[in-house]
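>>> Provide a 3D model corresponding to the input given below.
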Amino acid sequence: MQNMRNKWLILGMVGALGLGFAGCGGDDDDDDDAAGGDAAVTAEGFAFEVGAPVAAGTEFTVTNVDPATHTFTADDDAFNEELSAETDVTVTAPAEPGEYAFHCEIHTNMTGTLVVE
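The predicted model follows:
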């Protein structure tokens, strides 16, 4: 009985040790900042949050975590995407570097500026 108890104790400790190391892996996506990477723009709480600049002509992600539909619409019509509730949309950045003001056509208080390098 004691041997069985020790076996379970050892297995439990090994399992806990494995879980401890599971989160220790590094994030190798260091190039996400300017290349489009994960969500460059996030719609949350009926506001836009803009991340790092995106490279001209590259794809980037716009994430809507809100339970409502939004649009990601450039003031100069360089892009116009519908963001269904709680979804991601892949968008291609304009080919020309610059600052692109954008808004939500549904919720006009939602505005931001996308920086394209």
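
>>> hang on, residue 61 in a strand?
Yes. According to DSSP: H, G, I helix; E, B strand; the rest coil, residue 61 belongs to a strand.

>>> Let me know the pLDDT of it.
With respect to pLDDT, residue 61 scores 96.

>>> What is the burial count for it?
18 (other C-beta atoms under 10 Å). Yep, even glycine has a C-beta here, placed from its N, CA and C like the rest.

>>> now the residue nearest to it when sequence neighbours are not counted: how far from residue 51?
Nearest residue to residue 61, sequence neighbours excluded (C-beta to C-beta, 6 or more residues apart in numbering): residue 39, at 4.8 Å. Using C-beta to C-beta, to the nearest Å, residue 39 is found at 6 Å from residue 51.

>>> quick one on the thing from earlier: just give me the neighbour total for the residue nearest to residue 61.
With other C-beta under 10 Å as criterion, residue 39 counts 19.

>>> same deal with residue 80?
Using other C-beta under 10 Å: residue 80 sits among 12 other residues.

>>> From what I see, residue 103 and residue 114 are in contact.
No. Assessed by C-beta atoms under 8 Å, residue 103 is found out of contact with residue 114, at 11.3 Å.

>>> Beyond the helix or strand bottoming out on mean pLDDT in the chain, next helix or strand please.
Within the chain, no helix or strand scores below helix 32-35, which has a mean of 38 by mean pLDDT, DSSP states H and E. Moving toward the C-terminus from helix 32-35, the next helix or strand (DSSP states H and E) is strand 41-43.

>>> what does that following strand contact?
For strand 41-43, contacts defined as C-beta atoms under 8 Å, 6 or more residues apart in numbering pick out 48-51, 60-66, 70, 72, 83, 104, 110, 112, 114.

>>> Name every strand pairing with that strand and say which way it goes.
Here strand 41-43 has these sheet partners by DSSP bridges: strand 48-50 (antiparallel), strand 59-64 (parallel).

>>> low pLDDT regions in this structure?
Along the chain, the model assigns pLDDT under 70 to residues 1-38.
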